[in-house]
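[1] pasting the sequence and the predicted coordinates here, then a few questions.
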Amino acid sequence: QAKHNGRGWYSLFETGMDQSISARHALETELRAALAADGLALAFQPLFGPDREITSCEALVRWNHPERGPIPPSEFIPIAEQSGLIIPLSRWVLHTACAAAAEWQSSCRIAVNLSPAQFIRGDLLATVMTVLEETGLAAERLELEITEGVLMDNTERTLETLKQLRGLGVSLVLDDFGTGYSSLSYLHRFPLNKLKVDRSFVQRMGADPSARAIISAVVAMSHSLSLAVTAEGVETLDQFELLRAEGCDTFQGYALSRPLPASQIARYMRDHGKAEPGGHPEVGTRA
Ligand code: C2E
Ligand code: MG
Ligand code: MG
Ligand code: MG
């Protein structure tokens, strides 16, 4: 029971603070241990063309905590970013994803998410070159997903890095387009290959005609700038048909395939050269 004097409130407040800071710290320590002990995994979510052929797969990091069960990336990526762990974690993701793709009996590309911290550090180009060499993956099969935040700060140096990555033959994808503040005319300055329209637009499309108009306009402008467009978060076949009619080039979402565990992806790639409908449940995560 809280005492209504200054001291009582104070100590309650401090206790609460201590708990959240120490919980965060514990998670960071455990994440570091998981990374060192091979305790992280990748899931792979296929992306499809208009005829439902697989065009690429996105690598998504997974952490199955021994006591707490699966922890979503939205919870542990921010902790990794604040603690600097994101650098070795991202290196692990890139290497593991490229090594997996190099084994597939398919020319399907592999998409890997980058963190803004990797641009700030300045050795991203060298890391990508080393990983391609280590895994033997052709640069043309790698897509790197960046967010608008990366483009907004440190523009000149970022632009230089992006040009060098393109020079290797790697593709550059702008993820979650529409959630930040950049306009298509601003994005034109960057050597991007593809935009992924954020799933919030796809979700609103059925009920809100303006969301559909936005997608339509984004597709038209992207194509005139020679950018391909991916729709993410496609959860129903109705959405898939609408987005296809709007001219989107590739499609990602539960209606087409859930993220698949690493143990299933190689077989899926072999069996689904032409993709089939249906959700394949992602084993062992809450996604
Ligand atoms: P993202 O890059 O936009 O990845 C797509 C997210 O949408 C994934 O969530 C995926 O499981 C989910 N998704 C796919 N289809 C659907 C759908 O039809 N409906 C809905 N509601 N969701 C769908 P996930 O795996 O939880 O990842 C969340 C975010 O965490 C990613 O968003 C990305 O920003 C970040 N992330 C994941 N893996 C990595 C990584 O290896 N490195 C970095 N830096 N970030 C990562
Ligand atoms: Mg992504
Ligand atoms: Mg995305
Ligand atoms: Mg997203």
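    Cool, got the structure. Ligands and ions are numbered 1, 2, ... in the order given.
[2] longest strand of this structure?
    strand 54-65 (DSSP state E).
[3] packing partners of that strand?
    For strand 54-65, the elements it packs on are helix 6-36, strand 40-48, strand 69-71, helix 73-83, helix 86-103, strand 109-113, helix 262-271, judged by 3 or more C-beta pairs under 8 Å, 6 or more residues apart in numbering; DSSP states H and E. The C-beta positions use only the backbone N, C-alpha and C, and glycine is treated the same way.
[4] tell me which of these lies nearest to ligand 3.
    Of all these, strand 109-113 sits nearest to ligand 3, with 7.8 Å by C-beta to the ion.
[5] what does the stretch 1-150 of the chain put close to ligand 1?
    Contact residues of the stretch 1-150 of the chain with respect to ligand 1, defined by C-beta under 6 Å from any ligand atom, are listed as 45, 60-61, 72-74, 77, 90, 93, 113, 115, 145.
[6] my guess is Pro261 contacts Ala43. True?
    Yes - at 5.9 Å, Pro261 and Ala43 qualify as touching, with contact defined as C-beta atoms under 8 Å.
[7] those two: which has the busier surroundings?
    Ala43 (23 against 18; other C-beta atoms under 10 Å).
[8] ok, what's across the strand from the more buried one?
    Leu60, Pro261 (DSSP bridges).
[9] Ser263 is in contact with that one, correct?
    No - using C-beta under 8 Å as the test, Ala43 is too far from Ser263 to be in contact (10.3 Å).
[10] overlap in contacts of the two?
    By the contact definition C-beta atoms under 8 Å, 6 or more residues apart in numbering, Ala43 and Ser263 are jointly contacted by no residue.
[11] quick one: contacts for the closest residue to Gly233 other than its chain neighbours?
    Spatial nearest neighbour of Gly233, excluding adjacent residues (C-beta to C-beta, 6 or more residues apart in numbering): Arg199 at 2.3 Å. For Arg199, the set of contacting residues under the criterion of C-beta under 8 Å, 6+ apart consists of 232-233, 253.
[12] ligand 3: which of the residues you listed is nearest?
    Each of the contacts of Arg199 was checked against ligand 3 using C-beta to the ion; the closest is Glu232, at 4.8 Å.
[13] look up how far Phe119 lies from that closest one.
    With the distance defined as C-beta to C-beta, to the nearest Å, Glu232 ends up 22 Å from Phe119.
[14] would you mind listing what in the stretch 151-287 of the chain touches ligand 1?
    By C-beta under 6 Å from any ligand atom, the residues of the stretch 151-287 of the chain that approach ligand 1 are 175-176, 199, 233-235, 252-254, 259, 287.
[15] thank you kindly, that will do.
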